[in-house]
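coords please:
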Amino acid sequence: MSRTSTSETADQALRARAEMAVRGVALDPEPGTVTELGSVIPLRRPGGAGPSADGHVLVDGHRTTVPIDDTSPFRLREGRLVRREPGGGVTDMGVAVDTVARPAFYDLYTADGVSYEQIARLHGDDVLASTVVQTCVRYGEADRCRFCAIEQSLRSGATTAVKTPAQLAEVAEAAVRLDGVRQMVLTTGTSNGRDRGARHLARCVRAIRAAVPGLPLQVQCEPPAPDDLAALTALREAGADAIGIHVESLDDDVRRRWTPGKATVPLSQYRAAWDEAVRVFGPNAVSTYLIVGLGEDPDELVAGAAELIARGVYPFVVPYRPIPGTLAAADGVPAPDPGLLADVTARVAAELRSSGMRGADQAAGCAACGACSALSAAGG
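The predicted structure follows:
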C-alpha cells in the first residue's frame, strides 16, 4: 500500500471514530434483518464520575466507548460499523467492530453481600475501573462539573458510596483470574481533606498490590494542597504506576463555566502538582483530560496540549458527551462537531508523536486504555 493510501486509510479511520464517538450507535436492528450485532452491546457503563458513559466495543482492535443513541445513523452489522444514509442506503465506514462479553466476575458477591459489579467495572476488554469514593464535595449544583454524574450512579443503586481496600483487592483478584484483566484505574470524588482523597487511594492501591502484585495501576485525583504534595509520593510508594490529575480545560473562562468548583483551584496549583507527579512517577506516567466541546478555542486547546506534553504530561483528548443526569445534558448542550473532534485529535496526536509520547506506552490508566478517546487511532 502506498504512503498516500495508508494516510488516507488512517484519516478515514480517525474520522469514523470521531463521528461515532460523538453520534454514538443505535441498538435497534435494521428493519427485516436478524443478524444485527448492534441489537445488544453486552458491556455498558450508564454513568459515573467522568465525561464518558457508553457501551464498550473494540473498533479495529482498539478499545472504544460509544454513546448509545437511538437517533444515531450508525449501526453495527456483521462485525462492521455501517451508517444509514438519508436516502435509505447503507455505507460501510471501513472499520471492524467487536462487542465485549459481560465479565464473569460481575456474577460474584462479597461476603457481606455486595455485588462485585457495584465495586468495580470492566472498561474495554481488559481494564478494571472503580470510583473508590462515589461522593464529591463539589457536587452541589453551584460547584458541580457540568459533565459529571458521579453521585447519579450512586443514587440509582449502581454502585456503593465507599469501596474498602479489602473489597477492591477481592474484586481485582477475581477479575484478573476469571476475565484476564490487565490493568486497573482507581478514581475518587474529591474530599474535604488537603490530600483530596489521595491517601485513601493509597490504602486501596496497597491492598490491591498485596492481592495481585503484578497488576498495573493508575490513580486519579485532584491536585493535593500545595503544602501536601507529599500525598503524590505516598501514592507512588503504595504501588501506583501512573496518575491522572484532570483539569478538563486550560482556559479559565471555560473552567468557571464548566467546572466551577474545580476552577477555584488555580491552574498554577495544577501545574505544580503535574510537575511534582512527573518527578515522582516519571514522564508519560502522568495524564490529564482535555475535553473538546466546552467552548475552548481549538488552537488554544492544541497549544495547551503541547505545553502539557513538554512537561511530560499526557493530554487525554476526549469529546464532551451529554450524559443523562448531568447539568449540561439537562440544559440540552450538544456534543461537539465530529470534524472539530477529529481535527483537534489529529493535531494533538501529531504533537505526541513528535515528542515520542504514546498512551500505549503507559503502564495503566485512561491513556493506556484509550477507549474514551480517538488518540490511539491517530497514533497518539
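
buried sites along stretch 271-290?
Of all the residues in stretch 271-290, those buried under the rule 16 or more other CB atoms under 10 Å are 271, 273-274, 276-278, 280-281, 284-290. All C-beta atoms are positioned from the backbone trio N, CA, C, and that covers glycine.

for those residues, which one is nearest R75?
R75 has its nearest neighbour among those in Y289, at 29.1 Å by CB to CB.

SS state for the closest one?
strand (DSSP: H, G, I helix; E, B strand; the rest coil).

Beta-bridge partners for it, please?
With DSSP bridges as the criterion, Y289 is bridged to F316.

Does it touch G365 like I think?
No. Applying CB atoms under 8 Å, one finds Y289 not in contact with G365, separated by 11.0 Å.

Please, where are all the strands along the stretch 201-350 of the chain?
For the stretch 201-350 of the chain, strands defined by DSSP state E, counting those that start in this stretch occupy the ranges 217-220, 242-244, 286-292, 313-319.

between the third one and strand 313-319, what angle do the directions make?
Translated: strand 286-292. If you take axes from the mean of the first three to the mean of the last three CA atoms, to 10 degrees, strand 286-292 sits at 30 degrees to strand 313-319.

Who are the packing partners of the helix or strand containing A129?
Secondary structure assigned from DSSP states H and E places A129 in strand 127-131. Using 3 or more CB pairs under 8 Å, 6 or more residues apart in numbering; DSSP states H and E, the elements in contact with strand 127-131 are strand 121-123, helix 165-179, strand 183-187.

rerun that using 10 Å as the cut-off
If you count contacts as 3 or more CB pairs under 10 Å, 6 or more residues apart in numbering; DSSP states H and E, strand 127-131 packs onto helix 116-119, strand 121-123, helix 150-155, helix 165-179, strand 183-187, helix 198-211, strand 217-220, helix 366-369.

in the fourth one, what counts as buried?
The neighbour-count check on helix 165-179 (16+ other CB under 10 Å) flags P165, Q167, L168, A169, E170, V171, A172, E173, A174, A175, V176, D179 as buried.

Now do the same contact list for V133.
For V133, the contacting residues are 49, 150, 160-163, 187-191, 197, 200-201, 204, 221, by CB atoms under 10 Å, 6 or more residues apart in numbering.

okay, it: pLDDT?
In this model, V133 is scored at 96, pLDDT.

V181 against L128, yeah?
Yes. V181 lies in contact with L128 (CB atoms under 10 Å); the separation is 4.6 Å.

For these two, work out which one has more neighbours and name it.
L128 (30 against 26; other CB atoms under 10 Å).

so what's the closest residue to A211 other than its chain neighbours up against?
The shortest distance from A211 to any non-neighbouring residue, by CB to CB, 6 or more residues apart in numbering, is to A169 (3.9 Å). By CB under 10 Å, 6+ apart, the contact list for A169 reads C204, V205, R206, A207, I208, R209, A210, A211, V212.

will you turn those residues into TSV that also has pLDDT and neighbour count?
Output for the contacts of A169, formatted as TSV (pLDDT from 0 to 100; neighbours: other CB atoms under 10 Å):
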residue	pLDDT	neighbour count
C204	98	28
V205	98	27
R206	98	17
A207	98	19
I208	98	27
R209	98	17
A210	98	12
A211	98	17
V212	98	18
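
can you tell me which of those residues lies nearest to G304?
V205 (29.4 Å).

contacting residues for the nearest residue to that closest one once chain neighbours are set aside?
Once flanking residues are discounted, V205 sits nearest to A238: 4.2 Å by CB to CB, 6+ apart. By CB under 10 Å, 6+ apart, the contact set of A238 is 198-199, 201-209, 217, 219.

and of those, the nearest to C369?
L217 (12.6 Å).

Count the residues that sit near that closest one.
Around L217 there are 26 residues (other CB under 10 Å).

Same check on T135?
Counted with other CB under 10 Å, T135 comes out at 16.

What sits closest to it if chain neighbours are left out?
Closest to T135 by CB to CB, 6+ apart is G189, at 5.0 Å.

Okay then, goodbye and thanks.
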